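Undergrad: Give me the fold of what follows.
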Amino acid sequence: MKKLIVILLLAIFLNACGQQGNSELQTEKGTEMETSNKQKVVALLKSIETGASEPVAYINPDKYIQHNQAVGDGLAGFGALLQQLPQGGAKVNTVRVFADGDYVFAHTDYDFFGPKIGIDIFRFEDGRIVEHWDNLQEKVTETASGRSQIDGPTEATDLDKTDANKTFIKNFVDDILMGANPNKITDYISTEKYHQHNPGVKDGLAALGEALAALAEAGMPMVYEKNHIILGEGSFVLSVSEGIFMKEKVAFYDIFRIENSKIVEHWDVIEKILPDSEAKNDNGKFNF
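TA: Here you go, the predicted structure:
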């Protein structure tokens with residue numbers, strides 16, 4: 001674990017000396033190319049597995065606000081998390097990553113403290129990561145649809161429709177997930193093609209209805225109470241909400257893929273919200 005401590009100290013040292021500074025450039029064969037925020041996020045997440053020191057310097061050591069309730073605030077909290085990992089035991093495979101202004105959100109297949117699927121959100125200022133939110137859920141090997149929790153298309157299309165698609169999903173959350181106009185569901189979800197990655201739900205709109213009805217009949221309805229943010233890039237849109245699932249207070253992170261003005265694919269990660277008394281930071285689960 002000494003190596004992990006050295007990584008963090010090295011990152012801070014590079015910042016202090018100005019070697020990394022606020023530069024967003026990397027050099028390859030004498031040509032300067034901009035390192036995108038998406039690339040920085042992928043590199044940082046991968047460093048959890050590899051122990052690479054350079055990506056840690058993408059975090060602003062003077063301002064890193066942590067919203068994962070199980071992790072302490074600041075760069076020190078991130079370092080403490082790394083120290084808890086078994087040496088060489090972490091695996092990280094970021095499958096899809098998207099940018100929306102100063103935000104980047106990533107969908108990742110993790111294996112640390114057991115196999116998990118995660119959706120992480122990072123906020124940047126001046127090329128440095130200053131804030132982080134996430135949801136983590138146990139990985140399931142057998143799903144109702146036969147699809148994994150993370151497979152499917154990874155590249156955003158229709159980049160010119162980003163704003164329209166974000167508005168579309170905001171309306172979907174209001175009308176369908178929060179119940180303002182539930183009869184409009186076919187205005188949003190395709191009746192011909194709906195690929196489902198929630199491990200407990202089969203493909204298709206009818207199967208979604210059946211799953212929700214079964215939960216309600218069992219006295220455990222899925223309830224969306226408040227939406228906190230909508231982020232998107234082209235055909236992919238992320239919605240972050242809070243509500244009730246299996247009679248527990250949870251955070252819902254839902255990724256939707258939109259095609260021909262209809263939702264045709266859905267991934268989600270649902271995580272229980274801890275009481276404030278159990279959280280390792282005071283920043284709140286949401287607070288966007």
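Undergrad: Near Gly127, how many residues? Count them for me, please.
TA: Residues near Gly127, counting by other Cβ atoms under 10 Å, number 18. Where C-beta positions appear, they are placed from N, C-alpha and C, glycine not excepted.
Undergrad: meant to ask about Asp160
TA: 8.
Undergrad: which residues does the nearest residue to it once chain neighbours are set aside contact?
TA: Closest residue to Asp160 apart from its sequence neighbours, by Cβ to Cβ, 6 or more residues apart in numbering: Gly234 at 7.9 Å. Going by Cβ atoms under 8 Å, 6 or more residues apart in numbering, Gly234 touches Phe98, Ala156, Thr157, Asp158, Leu159, Asp160, Lys161, Thr162, Asn165.
Undergrad: for Gly234, phi and psi?
TA: Per-residue torsions, Gly234: phi 60, psi -120 (degrees, to the nearest 10).
Undergrad: so what pLDDT did it get?
TA: pLDDT for Gly234: 98.
Undergrad: Please apply the same query to the one 4 residues further on.
TA: Per-residue pLDDT puts Leu238 at 99.
Undergrad: Doesn't it lie inside a strand?
TA: Yes. Under DSSP: H, G, I helix; E, B strand; the rest coil, Leu238 sits within a strand.
Undergrad: you'd agree it is up against Ile230?
TA: Yes. If you go by Cβ atoms under 8 Å, Leu238 and Ile230 touch, sitting 7.2 Å apart.
Undergrad: can you list the domains in the chain?
TA: The chain is divided into the following domains under automatic domain parsing: 2-139, 159-272.
Undergrad: a markdown table please, covering those and showing distance to Glu278.
TA: What follows is those, written out as a markdown table (distance: least, Cβ to Cβ, whole Å):
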| stretch | distance to Glu278 |
| --- | --- |
| domain 2-139 | 7 |
| domain 159-272 | 10 |
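Undergrad: worst average pLDDT in those?
TA: Among the domains of the chain, domain 2-139 has the lowest mean pLDDT, at a mean of 83.
Undergrad: quick one, what contacts the closest residue to His195 other than its chain neighbours?
TA: Using Cβ to Cβ, 6+ apart and skipping the chain neighbours, the partner closest in space to His195 is Glu265 (4.3 Å). Taking Cβ under 8 Å, 6+ apart, we find Glu265 in contact with Gly152, Pro153, Tyr194, His195, Gln196, His197, Phe256, Arg257, Glu259.
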